[in-house]
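> below is the sequence, then the predicted model.
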Amino acid sequence: MTKKPVILIIIAFIVMMLAPVGLYEWYTSIDPSFIPNRFYDFLSSWVLGFITISLVCAFLFHLIKTPNAKEEFNTHFDQEGVILKYLSIIMIPILLYAYLWAVICAPIQLWAHYHLGDYWSEEYTLVESEACYSDYEPNCVRLLFEDTSTNKQHTIRWYLDKHKLLKLKNTKVNLVGEKSYFGYVVTEIQW
């Protein structure tokens with residue numbers, strides 16, 4: 001009778017660890033040309049930051065208030081080394097934020113890519129264009145756009161017209177695509 005809850009806990013743990021990896025792999029394979037709006041910016045910077053800080057503070061509060069937890073924590077890292085102790089203290093919030101981003105923000109971009117909404121078109125300034133790193137396919141170009149109304153900069157990867165886009169810099173272009181609740185998916189670039 002006790003084996004069933006243990007197996008369920010193991011399955012839940014595996015799903016919790018593999019789901020973000022799977023979502024991130026799916027996100028990188030699709031690579032949506034997504035330009036976030038203010039809702040997505042608020043979610044990715046403020047909400048995820050608040051959740052990360054809250055979870056780290058809850059862990060530290062638990063570490064301070066639980067008897068013997070601080071000694072066990074220090075004993076473990078005394079055996080492993082001081083550098084590893086401080087490196088892990090620095091890396092825990094970063095890894096936690098990356099985990100939350102993969103669970104929350106990547107699915108939002110994928111949802112926007114697959115569930116297209118209303119037609120959208122807006123003028124941007126193409127500030128910079130450069131070839132992608134070798135990890136991407138040869139036709140990939142990384143484009144840096146600046147919104148003419150807010151002066152915010154956005155980066156996307158584009159896989160069409162590489163040679164023409166590499167020659168364009170500081171040029172007004174019209175981005176055409178679909179609008180979703182959290183941003184815009186670019187389907188065409190007109191210059």
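Yep, it's here.
> domains of the chain?
3-114, 118-180 (automatic domain parsing).
> so which of those domains comes closest to W191?
W191 sits nearest to domain 118-180 of all the domains of the chain, at 4.6 Å, using C-beta to C-beta. Heads up, the C-betas are built off the backbone N, CA and C, glycines and all.
> what is the end-to-end distance of that closest one?
End-to-end span of domain 118-180 (C-alpha to C-alpha, to the nearest Å): 7 Å.
> give the rounded mean pLDDT of it.
Domain 118-180 carries an average pLDDT of 89.
> do stretch 43-58 as well
In the prediction, stretch 43-58 has an average pLDDT of 93.
> in it, which residues are buried?
Of all the residues in stretch 43-58, those buried under the rule 16 or more other C-beta atoms under 10 Å are 44, 48, 52, 55.
> for stretch 27-45, same thing?
Buried, per 16+ other C-beta under 10 Å, within stretch 27-45: 27, 31-36, 40, 44.
> contact partners of it?
101-102, 104-106, 108-110, 112-113, 145, 154, 156-158, 175, 177, 181-187 (C-beta atoms under 8 Å, 6 or more residues apart in numbering).
> before we move on, back to that, can you redo the buried residues of stretch 43-58 as TSV with secondary structure?
TSV is the format used below for the buried residues of stretch 43-58 (DSSP: H, G, I helix; E, B strand; the rest coil):
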residue	secondary structure
S44	helix
L48	helix
T52	helix
L55	helix
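> re earlier: can you turn the buried part of the contacts of stretch 27-45 into a ChimeraX selection?
The ChimeraX command for the buried members of those (criterion: 16+ other C-beta under 10 Å) is given here:
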select :101,102,104,105,106,108,109,110,112,113,145,154,156,158,175,177,182,183,184,185,186
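> stretch 163-171: how far from the chain's middle?
For stretch 163-171, the separation from the chain centroid amounts to 27 Å (computed by C-alpha atoms, centre = their mean, to the nearest Å).
> could you dump it to CSV, C-alpha only?
Taking C-alpha atoms only, stretch 163-171 is exported to CSV below (Å, rounded to 0.1, in the frame of the first residue of the first chain):
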residue,chain,number,x,y,z
HIS,A,163,21.4,38.0,-47.8
LYS,A,164,19.0,40.9,-48.3
LEU,A,165,18.4,41.4,-44.6
LEU,A,166,22.1,41.5,-43.8
LYS,A,167,22.5,44.5,-46.1
LEU,A,168,19.7,46.5,-44.4
LYS,A,169,20.7,48.5,-41.3
ASN,A,170,19.0,51.5,-39.8
THR,A,171,16.1,51.1,-42.2
